[in-house]
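> Any chance you could fold what I've pasted below:
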Amino acid sequence: MTRLRVGVLISGRGSNLRALLAACTDDAYPAEIVTVISDRAEAPGLAIAQSASVPNTVIPHRVREEFASEADAVLSNQRAQFVCLAGFVRVLDAAFVERWGDRMVNIHPSLLPAFPGLHPQRQALAAGVRFTGCTVHFVRPEVDAGPIIAQAVVPIRPDDDEASLSARILDAEHRLYPLTLRLIAEGRVQVLRGQVQIDGWRAPTLSMLNPCELA
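Below you'll find the model as predicted:
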């Protein structure tokens with residue numbers, strides 16, 4: 001089996017990186033992490049990459065174009081075919097996004113298009129919605145935009161605060177991201193006329209997880 005070669009961009013603790021790496025330990029999983037890039041030297045996620053013996057690089061994000069050029073070089077050197085953003089908090093250079101086309105995805109802790117941007121869990125609580133969750137989507141130059149691949153729903157409890165809700169959404173992310181990458185690596189995901197099809201079906205809001213499992 002030829003595995004999809006994936007580069008991961010991080011800025012922080014790397015918990016989604018850890019989930020992806022755990023999935024990749026299964027010989028039957030159709031993807032592998034070949035490099036990790038961080039814009040922060042102090043990012044705890046770098047230690048996760050090191051412990052998994054994955055090549056890792058720090059590229060300070062001083063100028064978007066410079067970061068993009070250096071990141072492209074690292075990804076090329078490692079023969080990466082696909083990019084996952086996993087807690088990467090910087091806005092990427094538009095040309096970099098275009099170069100990677102439909103070969104770069106992000107995970108966001110809300111049910112996009114609801115609550116894009118910063119503090120989506122806080123936004124959900126303030127709005128008084130009953131459900132939120134997380135979304136894996138293809139990356140576009142606009143922040144938290146792009147065709148939706150998969151979503152997981154997380155119910156909001158009456159006693160939730162930002163910390164408790166964030167923790168449950170993160171748990172859903174750790175399951176949703178590896179599942180979505182598997183679909184992509186198996187060639188089951190396509191973008192047609194700006195919307196995602198999975199196995200030939202139009203499914204822009206495919207729910208990968210039962211909400212009841214996340215309560």
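
> going forward, measure contacts and count neighbours with C-alpha atoms only.
Will do.

> Look up phi and psi at Val34.
phi -110, psi -10 (degrees, to the nearest 10).

> next one: Ala150
phi -150, psi 150.

> Quick check: beta-bridge partners of it?
Beta-bridge partners recorded for Ala150 (DSSP bridges): Val136, Leu206.

> in the protein, which helix or strand is least confident?
The helix or strand of the chain with the lowest confidence, counting by mean pLDDT, DSSP states H and E, is strand 206-207 at a mean of 44.

> quick one, strands of the chain?
4-10, 31-38, 56-58, 82-85, 104-108, 131-138, 148-155, 189-192, 195-198, 201-202, 206-207 (DSSP state E).

> Can you convert the ones you listed into CSV and add a column each for mean neighbour count?
CSV is the format used below for the strands of the chain (neighbours: other Cα atoms under 10 Å):
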stretch, mean neighbour count
strand 4-10, 24
strand 31-38, 24
strand 56-58, 20
strand 82-85, 23
strand 104-108, 23
strand 131-138, 25
strand 148-155, 25
strand 189-192, 16
strand 195-198, 19
strand 201-202, 13
strand 206-207, 16
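
> got those as JSON lines, with distance to Cys24 columns?
Output for the strands of the chain, formatted as JSON lines (distance: least, Cα to Cα, whole Å):
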{"stretch": "strand 4-10", "distance to Cys24": "10"}
{"stretch": "strand 31-38", "distance to Cys24": "6"}
{"stretch": "strand 56-58", "distance to Cys24": "17"}
{"stretch": "strand 82-85", "distance to Cys24": "14"}
{"stretch": "strand 104-108", "distance to Cys24": "17"}
{"stretch": "strand 131-138", "distance to Cys24": "18"}
{"stretch": "strand 148-155", "distance to Cys24": "19"}
{"stretch": "strand 189-192", "distance to Cys24": "19"}
{"stretch": "strand 195-198", "distance to Cys24": "21"}
{"stretch": "strand 201-202", "distance to Cys24": "27"}
{"stretch": "strand 206-207", "distance to Cys24": "22"}
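
> To Ala124, which of those lies closest?
Closest approach to Ala124 among the strands of the chain (Cα to Cα): strand 131-138, 6.9 Å.

> Output the contacting helices and strands for that closest one.
Contacts defined by 3 or more Cα pairs under 8 Å, 6 or more residues apart in numbering; DSSP states H and E place strand 131-138 against strand 104-108, strand 148-155, helix 162-185.

> So what touches that strand?
Residues from elsewhere that reach strand 131-138 (Cα atoms under 8 Å, 6 or more residues apart in numbering): 102-112, 124, 145-156, 169, 172-173, 176-177, 180.

> Columns distance to Leu92 and mean pLDDT on top of the helices and strands packed on strand 131-138, output as a markdown table?
Below are the helices and strands packed on strand 131-138 laid out as a markdown table (distance: least, Cα to Cα, whole Å; pLDDT from 0 to 100):
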| stretch | distance to Leu92 | mean pLDDT |
| --- | --- | --- |
| strand 104-108 | 11 | 98 |
| strand 148-155 | 19 | 96 |
| helix 162-185 | 20 | 98 |
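
> Among the strands of the chain, which comes closest to Ala71?
Per Cα to Cα, nearest to Ala71 of these: strand 31-38, 7.3 Å.
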